[in-house]
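Engineer: Just a sequence and a predicted model for now, questions to come.
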Amino acid sequence: MADGKPGTLRSPPGEMTPETRDKLLRVGSKRIVAALAQHGIADRVVERLPACDPFAGSASITIESCREGSVLVGEAADRMVERLRQRGIAGIVRRSDLRDIPVEAGDAILRDRESLVVIPAALVETVAEEAAEAIAFEEFTADQVAQGGGVYGLHIPSGDRAKQAFAAWRRMKGK
């Protein structure tokens, strides 16, 4: 199914494209939490977890369903962890770390150095794109200020002037 952009396809339910995974890791958990809030979704974040390398993937709730790039949600014995890593899973999240967040198979999990976020499967590509757009717009605004321009009319990217200037900036920057 097309996602509105020429030449792109949505991944099958429960699977995440490498592009979406990269985008989630690039934008980070704080941006994703803000994008989820725009959709009225809160309380999907866990903070103050022990440090680990960032990862993102679709949630698998059983060991048998773990595929390359997925994130196992559950308790895995140490002997299983190595075997799962050999299968190419993105990461493992203990249910106890999730506290009260219900996770369904196929939801996306983003874990970075700041926090862990659970993203409903139906929204993962949307919020990843919205978060990336927000970052691009902030870069555009910073560029405008650095060049001596004001931010009046740019602070809300919904005005025609802001949309036109942002589109021109993106073409110029190749973003």
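Structural biologist: It's in.
Engineer: Could you pull up phi and psi at Val73?
Structural biologist: Here is the backbone geometry of Val73 (degrees, to the nearest 10): phi -110, psi 110.
Engineer: same check, this time on Ile89
Structural biologist: Here is the backbone geometry of Ile89 (degrees, to the nearest 10): phi -70, psi 150.
Engineer: What of Gly91?
Structural biologist: phi -180, psi 180.
Engineer: That one against Gly57, yeah?
Structural biologist: Yes. Using C-beta atoms under 8 Å, Gly91 is in contact with Gly57, at 6.7 Å. The way it works is simple: take the backbone N, C-alpha and C, and place the C-beta from them, glycine included.
Engineer: count of neighbours near Asp100?
Structural biologist: 6 (other C-beta atoms under 10 Å).
Engineer: Run a quick neighbour tally on the closest residue to it other than its chain neighbours.
Structural biologist: Excluding the flanking residues, the one nearest Asp100 by C-beta to C-beta, 6 or more residues apart in numbering is Asp43, at 7.7 Å. The tally of other residues near Asp43 (other C-beta under 10 Å) stands at 11.
Engineer: so is Asp43 in a helix, a strand, or just coil?
Structural biologist: coil (DSSP: H, G, I helix; E, B strand; the rest coil).
Engineer: Below-threshold pLDDT in this protein: ranges please.
Structural biologist: Scanning the chain for pLDDT under 70 picks out 1-14, 76-78, 150-158.
Engineer: Show me which helix runs longest in it.
Structural biologist: Determined from DSSP state H, the single longest helix within the chain is helix 124-146.
Engineer: same for that helix, what does it pack against?
Structural biologist: helix 18-38, helix 160-173 (3 or more C-beta pairs under 8 Å, 6 or more residues apart in numbering; DSSP states H and E).
Engineer: Centre of the protein to the edge, which residue is at the far end?
Structural biologist: Distance to the chain centre peaks in the chain at Gly148, reaching 32.8 Å (criterion: C-alpha atoms, centre = their mean).
Engineer: so that residue sits in a strand?
Structural biologist: No. With three-state DSSP as the criterion, Gly148 is located in coil rather than a strand.
Engineer: what's the closest non-adjacent residue to the spatially most central residue of the chain?
Structural biologist: Geometric centre of the chain, nearest residue: Leu24, 3.0 Å, by C-alpha atoms, centre = their mean. The shortest distance from Leu24 to any non-neighbouring residue, by C-beta to C-beta, 6+ apart, is to Ala56 (4.3 Å).
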